[in-house]
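Q: Fold the following, please.
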Amino acid sequence: MPAPAPGYVVLLPVKPPARGKSRLVGIEPHERADLARSFALDTAESCLAATRVGAVLVITDDAYFAADVARLGAAVIPDGVSGDLNETLVQGAREARRRWPRLRPAALCGDLPALRSADLDAALAASEGTRAAYVEDAAGGGTTLYTAPHDLFSPAFGPGSAAAHRAGGARPLEGDLHSLRHDVDTLEDLEAVRGFGLGPRTALASVRVGSLG
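A: Model (predicted):
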């Protein structure tokens with residue numbers, strides 16, 4: 001069967017790696033920044049490889065990271081509303097609509113270093129025909145992916161985001177989707193996703209962190 005036509009643009013907000021992932025405690029600041037950068041680059045690369053993804057728009061204020069992710073093939077814009085993730089995503093969706101008006105926006109966490117393109121494709125396929133949909137994280141209560149048509153796009157990331165998305169009319173997407181449900185905030189989270197197969201940059205960065213062996 002032919003591959004489905006790409007129908008989505010992934011919005012990937014990424015904090016400057018030097019300031020991100022503050023809950024990766026017990027390691028040096030440069031190691032934390034290296035892991036944060038690796039998480040985001042591996043996430044972006046998996047998105048770019050998904051058959052249902054027509055474009056990836058990274059939103060970041062880090063010029064060095066922007067250059068790295070652009071080399072992978074993602075588009076990049078600066079974050080015009082730093083400090084408000086949901087407004088950042090709304091801004092990104094507006095720009096995505098201008099560039100790719102036929103692609104539906106899908107907001108995704110940038111800390112999914114074990115993400116498999118097949119899991120992302122499965123979630124996006126399941127969201128087709130819905131007004132809005134989301135993927136709840138493995139810990140419960142959070143959200144790793146949210147998608148809706150442009151006219152209905154209203155992300156509610158933050159504490160209790162799964163309930164907030166559900167209250168806003170979004171449908172939870174079922175299925176295992178293991179690699180899509182496991183975002184990484186701590187070293188324990190990173191160990192938990194190792195069995196799914198880490199992206200190449202994260203695998204290398206984790207070796208450089210002595211406490212992970």
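Q: Relative to residue 24, how far out is residue 39?
A: When distance is defined by Cβ to Cβ, to the nearest Å, residue 39 is 10 Å away from residue 24. In this view, the C-beta of every residue, glycine as well, is placed from N, C-alpha and C.
Q: ok, the two, which is more surrounded?
A: Summary of the neighbour comparison: residue 39 and residue 24, criterion other Cβ atoms under 10 Å, with residue 39 having more neighbours (30 against 21).
Q: Low-confidence ranges, this protein, go.
A: In the prediction, the chain carries residues with pLDDT under 70 at positions 1-3, 210-213.
Q: Could you pick out the longest helix of it?
A: The longest helix of the chain (DSSP state H) is helix 29-49.
Q: Please name every helix or strand in contact with that one.
A: The elements that helix 29-49 packs onto, with contact taken as 3 or more Cβ pairs under 8 Å, 6 or more residues apart in numbering; DSSP states H and E, are strand 8-13, strand 53-59, helix 63-72, helix 117-127, helix 200-208.
Q: wait, which of those is closest to residue 104?
A: strand 8-13 (5.3 Å; Cβ to Cβ).
Q: Can I get that closest one in CSV, CA atoms only?
A: What follows is strand 8-13 as a C-alpha-only set of coordinates in CSV (Å, rounded to 0.1, in the frame of the first residue of the first chain):
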residue,chain,number,x,y,z
TYR,A,8,0.4,17.3,9.9
VAL,A,9,2.9,19.9,10.9
VAL,A,10,4.6,19.1,14.3
LEU,A,11,5.1,22.1,16.6
LEU,A,12,8.2,21.4,18.8
PRO,A,13,8.9,24.1,21.5
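Q: ranking the helices and strands packed on helix 29-49 by burial, who's on top?
A: When you average the neighbours per residue for each of the helices and strands packed on helix 29-49 (mean count of other Cβ atoms under 10 Å), strand 8-13 leads with a mean of 26.
Q: Give the partner strands of that strand in its sheet and their orientations.
A: Based on DSSP bridges, the pairing partners of strand 8-13 within the sheet are strand 53-59 (parallel), strand 104-108 (parallel).
Q: Reformat these as a markdown table; add distance to residue 200.
A: Listed next are the strands paired with strand 8-13 as a markdown table, based on distance: least, Cβ to Cβ, whole Å:
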| stretch | distance to residue 200 |
| --- | --- |
| strand 53-59 | 17 |
| strand 104-108 | 19 |
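Q: Of those, which is nearest residue 164?
A: strand 104-108 (13.2 Å).
Q: what is the orientation angle of the closest one with helix 117-127?
A: Between the axis of strand 104-108 and that of helix 117-127 there is an angle of 130 degrees, by axes from the mean of the first three to the mean of the last three Cα atoms, to 10 degrees.
Q: Give me the angle between strand 104-108 and helix 29-49.
A: Using the same axes, to 10 degrees, the direction of strand 104-108 lies 150 degrees away from that of helix 29-49.
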